[in-house]
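# Need coordinates for the below:
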Amino acid sequence: MSPLTDTTAPLRAIELGHRPAWLPDWLRNLALLVLAGGIVGLLVVSTASAGTYVIDNCPAAPGGNGNPGPWTVFGAPQNTKGSCDGGPGDFIGPLGGSMAPATVDGVQVAVPGGSGITITAARIWWFVPHQASGADTFADAGVNTGGIEEAGTPKDSASTPDEWTLPSNTTELTLADYCSNDDAGAGCTFGGGENPDLELLGSELTLDDTTLPSGTVTGGALASSGTVSGTASISYQAADASSGVRLVQLRVDGEPLAEKDYIASCSYTDFQACPPSVSDTISWNTATVAAGQHRVELVVEDAAQNTSVIYSGEVTVQNAASTASLGALPGPGSTGATVLGSGNPNGTRASEEANLRLGLRRTITRTYAHRALMVAGRLLDGQGQPIGHATLDVSQQLVGTAAPQLVTHTTTGSDGTFSVRVPAGPSRAIEIAYRAFSGDASYAAVANIAETVEAGVRLSITPTQTGPEGMIVLSGTVEGAIPQQGAIVDLLVHYRGRWEPFRTPRTNERGRFRVAYQFEGGVGRFPFRAEVPGGQAGFPFGSGDSQVVDVSTK
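Residues are numbered from 1 along each chain as shown. You can find the predicted model right below:
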């Protein structure tokens with residue numbers, strides 16, 4: 001068992017006899033939980049996995065949007081405030097000047113029935129005022145399986161949110177203001193007119209989606225299992241009724257070569273974070289692969305990073321040869337051989353049978369750093385002789401993007417050697433390509449480097465010395481371009497001879513995360529580290545680790 005556990009605020013006992021029978025079970029049973037355990041223990045997420053996504057609502061949440069999303073107001077004694085689009089400090093919640101004894105009002109979010117979605121974690125910015133006169137009021141938070149917090153009022157989490165890891169079957173989260181029955185039958189008065197009884201200023205919900213996206217192919221040459229050339233396409237319809245369609249990707253021989261990303265249509269403010277269905281076409285330049293048979297797959301990804309392969313087939317790529325013109329090889333050192341090509345020759349000894357040799361391995365892994373990559377090599381003809389003064393195209397294709405983009409050009413020396421600086425970037429495929437003649441439709445020689453860049457992540461812990469039941473705060477930053485839904489981070493502790501994951505937060509859009517944990521009586525030195533899993537949607541980096549931070553308890 002890990003030496004850590006989630007921390008929650010102590011629950012305050014309330015009078016059992018004053019709860020009306022119609023209240024939810026978690027409200028009626030909350031005091032029993034308090035008497036039995038003192039603090040409700042919450043589940044700990046152990047590993048990062050596909051199937052989760054984050055939605056934000058109201059101005060205090062990351063991103064500061066004014067959309068209440070799936071939250072609704074219930075039990076308002078006089079009026080309801082359902083809009084939070086007024087900027088920082090705005091909220092949704094019940095409004096009223098008074099409440100009857102033994103009644104509740106507040107806000108609630110409920111998962112659509114049959115969607116396969118559950119709520120696994122929540123960060124809540126909220127405020128519950130104290131009554132001006134009458135019976136006591138209490139701020140209650142609960143899920144469909146039980147209470148998770150109760151506090152006396154005023155309850156102020158307007159600046160520092162409450163953070164809860166919820167039971168895995170949670171489909172409903174309720175924030176309530178309870179007017180007790182401890183004043184001889186008198187209700188709760190909040191002042192004259194309409195005053196807020198409870199304010200939801202912002203929420204960040206982590207959701208788990210167990211349903212898979214679906215789709216069908218509706219046409220296109222790439223779905224014909226025939227011969228293709230030039231730019232070919234495939235048309236499709238994709239759907240996901242739960243979290244929505246985020247991405248459709250074309251993979252050739254297992255490699256993503258083209259895609260349609262629908263992130264611009266994804267609000268990430270409701271359970272259906274992205275469009276429920278899309279109908280579209282993906283095109284691909286077949287000249288980027290060698291002639292012959294290739295496997296083509298179409299993959300649909302939803303907002304929760306679940307994927308489904310909706311088509312798998314094979315095509316034969318056969319691009320037409322360059323239109324030919326006959327000419328002698330130019331320049332010094334010519335052997336008098338002839339070559340086929342069109343347009344102007346590219347370099348001395350220009351040849352359609354060229355060979356690019358690189359000084360780097362074809363597959364490399366580097367740690368995250370803002371530095372360029374130097375690529376050097378040599379261009380030779382079919383007889384092993386240098387092709388000098390030739391222009392080479394330098395392109396790169398970032399992981400998850402649809403097509404390569406030209407970065408720069410470089411020129412070979414008289415001995416065929418070259419060296420080129422490729423700007424720093426995330427994981428990508430770098431291509432050096434040689435076109436023998438200016439009019440050639442395809443390259444005579446191509447060399448590729450698959451570069452995996454490990455994600456950069458920094459971790460800090462305060463304090464690094466505490467007692468056996470002390471609390472620590474783990475915070476850090478994931479570097480690089482962070483997707484709108486944030487990046488997943490695994491937090492691990494070295495315990496009993498191995499690294500054990502104990503919490504999986506998701507960063508905000510700035511790449512920052514913060515988690516509070518409490519020891520359960522462990523004494524000794526505990527090393528901690530953060531790991532960012534590779535392959536996350538919209539985050540083109542490989543897995544990366546932070547430095548190790550030691551925490552001592554005694």
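# for the stretch 101-250 of the chain, what spans make up the strands?
For the stretch 101-250 of the chain, the strands defined by DSSP state E, counting those that start in this stretch cover 103-110, 117-128, 133-134, 137-143, 146-152, 155-165, 172-179, 188-189, 195-196, 199-209, 214-219, 227-228, 231-239, 245-252.
# buried set for the last one?
Counting neighbours by 16 or more other CB atoms under 10 Å, one finds that the buried residues in strand 245-252 are V245, R246, L247, V248, Q249, L250, R251, V252. In short, each C-beta sits where N, CA and C put it, glycine included.
# which of the residues you listed lies closest to F519?
Distances from F519 to the buried residues of strand 245-252, taken as CB to CB, are shortest for R246 (38.7 Å).
# Quick check: the closest one touching A303?
Yes - when contacts are counted by CB atoms under 8 Å, R246 is listed as touching A303 (4.8 Å).
# How is the chain divided into domains?
As assigned by automatic domain parsing, the chain contains the domains 4-209, 214-317, 325-454, 457-553.
# low-confidence ranges in the protein?
1-50, 320-342, 370, 402 (pLDDT under 70).
# any chance of the strands of the stretch 101-250 of the chain in TSV, plus distance to F271?
As requested, the strands of the stretch 101-250 of the chain are exported to TSV (distance: least, CB to CB, whole Å):
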stretch	distance to F271
strand 103-110	9
strand 117-128	6
strand 133-134	38
strand 137-143	16
strand 146-152	20
strand 155-165	18
strand 172-179	12
strand 188-189	33
strand 195-196	26
strand 199-209	7
strand 214-219	18
strand 227-228	40
strand 231-239	15
strand 245-252	14
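# The ones you listed: which one's closest to G87?
Across the strands of the stretch 101-250 of the chain, closest to G87 is strand 199-209 (CB to CB), at 11.4 Å.
# So A223 sits against S312, correct?
No - judged on CB under 8 Å, A223 makes no contact with S312 at a distance of 10.3 Å.
# The two: who's more crowded?
A223 (19 against 12; other CB atoms under 10 Å).
# In contact with the more buried one, which residues are there?
V217, I234, S235, V296, Y311, G313 (CB atoms under 8 Å, 6 or more residues apart in numbering).
# rewinding a little: now list whatever residues contact both of A223 and S312.
V296.
# can you give me the end-to-end distance of stretch 540-554?
Start-to-end span of stretch 540-554 (CA to CA, to the nearest Å) is 42 Å.
# and it, how far from the chain's centre?
Distance, stretch centre to chain centre, for stretch 540-554: 20 Å (CA atoms, centre = their mean, to the nearest Å).
# What's opposite N285 in the beta bridge?
Beta-bridge partners for N285, by DSSP bridges, are T231.
# Burial check on it, number of neighbours?
N285: 14 neighbours (other CB under 10 Å).
# how far away is it from T391?
20 Å (CB to CB, to the nearest Å).
# Quick check: neighbours shared by R246 and A303?
C266, A273, C274.
# I263 is in contact with the second one, correct?
No - taking CB under 8 Å as the contact criterion, A273 and I263 are not neighbours in contact, 10.0 Å apart.
# Which residue of these two possesses the greater neighbour count?
A273 (26 against 15).
# measure the more buried one to A303 for me?
Taking CB to CB, one finds A273 at 4 Å from A303.
# now do L474
L474 is 27 Å from A303, by CB to CB.
# Comparing the two, which shows the higher neighbour count?
Comparing L474 with A303 by neighbour count (other CB under 10 Å), the higher total belongs to A303, at 31 against 24.
# quick one, what contacts the more buried one?
Neighbours of A303 in contact, by CB under 8 Å, 6+ apart: 53, 209, 240, 243-246, 266, 268, 272-274, 485.
# Could you report the neighbour count for the residue nearest to L380 when sequence neighbours are not counted?
If the residues on either side of it in the chain are set aside, L380 comes closest to N355, at 4.7 Å by CB to CB, 6 or more residues apart in numbering. If you count neighbours by other CB under 10 Å, N355 ends up with 18.
# tell me the contacts of V317?
T227, V228, S229, T286, V289, A290, A291, G292, Q293, H294.
# Tell me the spacing between it and I432.
21 Å.
# A264: how many residues sit nearby?
Neighbour tally, A264, other CB under 10 Å: 6.
# actually P423, sorry about that
P423: 11 neighbours (other CB under 10 Å).
# and G538, helix, strand or coil?
coil (DSSP: H, G, I helix; E, B strand; the rest coil).
# So it is in contact with Q485, correct?
Yes - using CB under 8 Å, G538 is in contact with Q485, at 7.3 Å.
# For these two, work out which one has more neighbours and name it.
Q485 (26 against 18).
# Which parts of the stretch 401-550 of the chain are strands?
Using DSSP E, counting those that start in this stretch, strands in the stretch 401-550 of the chain cover 405-411, 417-422, 428-434, 445-454, 457-462, 465-466, 471-478, 490-495, 498-503, 512-519, 524-532, 544-545, 549-553.
# strands paired with the second one, and their directions?
Taking DSSP bridges as the criterion, strand 417-422 forms sheet pairs with strand 373-380 (antiparallel).
# Identify all contacting residues around the partner strand.
347, 354-360, 366, 386-387, 390, 392, 394, 412, 415-422, 424, 430, 432, 434, 445, 447, 449, 451.
# try stretch 268-277
In contact with stretch 268-277 (CB under 8 Å, 6+ apart) are residues 53-57, 65, 67, 69-70, 111-112, 115, 117, 207, 237-246, 262-263, 265-267, 302-303, 484-485.
# Please enumerate residues in contact with stretch 412-421?
Under CB under 8 Å, 6+ apart, the answer for stretch 412-421 is 347-348, 372-380, 385-390, 392, 394, 408, 410-411, 432.
# what about burial for those, which qualify?
347-348, 373, 375, 377-380, 386-390, 392, 394, 410, 432.
# A186 is in contact with D136, isn't it?
No - between A186 and D136 there is no contact under CB under 8 Å: 10.7 Å.
# if we can go back for a sec, the contacts of strand 373-380, buried ones only, as a ChimeraX selection?
Listed next is the ChimeraX selection for buried residues among the contacts of strand 373-380, using 16+ other CB under 10 Å:
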select :347,354,355,356,358,386,387,390,392,394,412,416,418,420,422,430,432,434,445,447,449,451
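# The closest residue to G467 other than its chain neighbours: what's it in contact with?
Nearest residue to G467, sequence neighbours excluded (CB to CB, 6+ apart): T553, at 6.3 Å. Residues in contact with T553, defined by CB under 8 Å, 6+ apart, are Q465, T466, G467, P468, G470, F519, G522, V523, G524, F526.
# Report how many residues lie close to the second one.
Burial of T466 is recorded as 17 neighbouring residues (other CB under 10 Å).
# So in terms of bridging, what pairs with the residue nearest to it when sequence neighbours are not counted?
Excluding the flanking residues, the one nearest T466 by CB to CB, 6+ apart is T553, at 5.7 Å. Taking DSSP bridges, one finds T466, G524 as the beta-bridge partners of T553.
# And the contacts of stretch 357-368?
373, 375-380, 432, 447-456, 479-480, 541-542, 544.
# As CSV, could you dump the C-alpha coordinates of it?
Taking Å, rounded to 0.1, in the frame of the first residue of the first chain, the C-alpha atoms of stretch 357-368 are listed here in CSV:
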residue,chain,number,x,y,z
ARG,A,357,23.8,8.9,-46.5
LEU,A,358,23.3,10.5,-43.1
GLY,A,359,25.7,10.9,-40.2
LEU,A,360,22.8,10.3,-37.7
ARG,A,361,21.0,7.1,-36.9
ARG,A,362,17.6,6.9,-38.6
THR,A,363,15.9,6.8,-35.2
ILE,A,364,17.0,9.1,-32.4
THR,A,365,15.6,10.1,-28.9
ARG,A,366,16.4,13.4,-27.2
THR,A,367,15.3,15.0,-24.0
TYR,A,368,13.2,18.2,-24.2
